[in-house]
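**Student:** sequence first, predicted model second:
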Amino acid sequence: MKLVFPIVAIVVALGVFFSFVDPRYQGIKELRAQEKQFDEALTRSKDLRSIRDEKLKVYNSFPPEDIDRLQKLLPDHIDNIRLVMDLDTAASKYGMRLTNVSVGKPDEGPAEGSGQVKPYGSISVTFSVTTTYESFLRFLTDLETSLRLVDVVSLSFSRPRGDVYEYTITLRTYWLK
């Protein structure tokens, strides 16, 4: 009888351990592992927040005029209407009017020959102007020196009526995605 009670106590203790204590302990270990992951994520988010705050501080230190110029150079979205208005304003300085304006579809696909998506998009704009050769050269010079990033894709002209030509231009402009 002296041995029965200690054996029963050991069996009960083992039963309680394997049926209650060990599963709870495993659950606590999993929760501690999750807590560690959450703490690491919280630390990373604090680091990212401080980096963001530093970048925002630098961004806010730029004069608004420079930010506007940067937005005009390489905007973060496509604005067809503003683009056509900018072109029309540049043309009107030389007495020209844009005609036959056609805006193509945005090209946002992967770069040719690679499966990687480009970090920028592009769009083509075709239009015609009627003017003298000298005025057209000044207009092209304005496009070349403007803040807006444009490439002349094609240029054609028709026979003159006197010293006035009709020029058809296709431009490609870009924006960041």
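**Tutor:** All right, it came through fine. None of these values were measured; they are calculated from a predicted model. Numbering: from 1, shown residues only.

**Student:** could you use CA atoms for every contact and neighbour count after this?
**Tutor:** OK.

**Student:** longest helix anywhere in the chain?
**Tutor:** helix 22-61 (DSSP state H).

**Student:** mean confidence for that one?
**Tutor:** Mean pLDDT, computed over helix 22-61, is 92.

**Student:** I'd like the next helix or strand past it.
**Tutor:** Using DSSP states H and E, the helix or strand that follows helix 22-61 in sequence is helix 64-73.

**Student:** next, the angle from that next one to helix 22-61.
**Tutor:** Using axes from the mean of the first three to the mean of the last three C-alpha atoms, to 10 degrees, the direction of helix 64-73 lies 100 degrees away from that of helix 22-61.

**Student:** got a list of contacts for helix 64-73?
**Tutor:** With contacts defined as C-alpha atoms under 8 Å, 6 or more residues apart in numbering, helix 64-73 is touched by Leu147, Arg148, Leu149.

**Student:** just checking the distance from the longest helix of the chain to the centre of its chain.
**Tutor:** 26 Å (C-alpha atoms, centre = their mean, to the nearest Å).

**Student:** over to stretch 160-177?
**Tutor:** Distance, centroid of stretch 160-177 to centroid of chain: 28 Å (C-alpha atoms, centre = their mean).

**Student:** do the same with stretch 65-78
**Tutor:** The answer for stretch 65-78 is 13 Å, by C-alpha atoms, centre = their mean.

**Student:** with stretch 151-169 instead?
**Tutor:** That offset, for stretch 151-169, works out to 35 Å (C-alpha atoms, centre = their mean).

**Student:** one more: stretch 91-109?
**Tutor:** Worked out by C-alpha atoms, centre = their mean, stretch 91-109 lies 24 Å from the chain centre.
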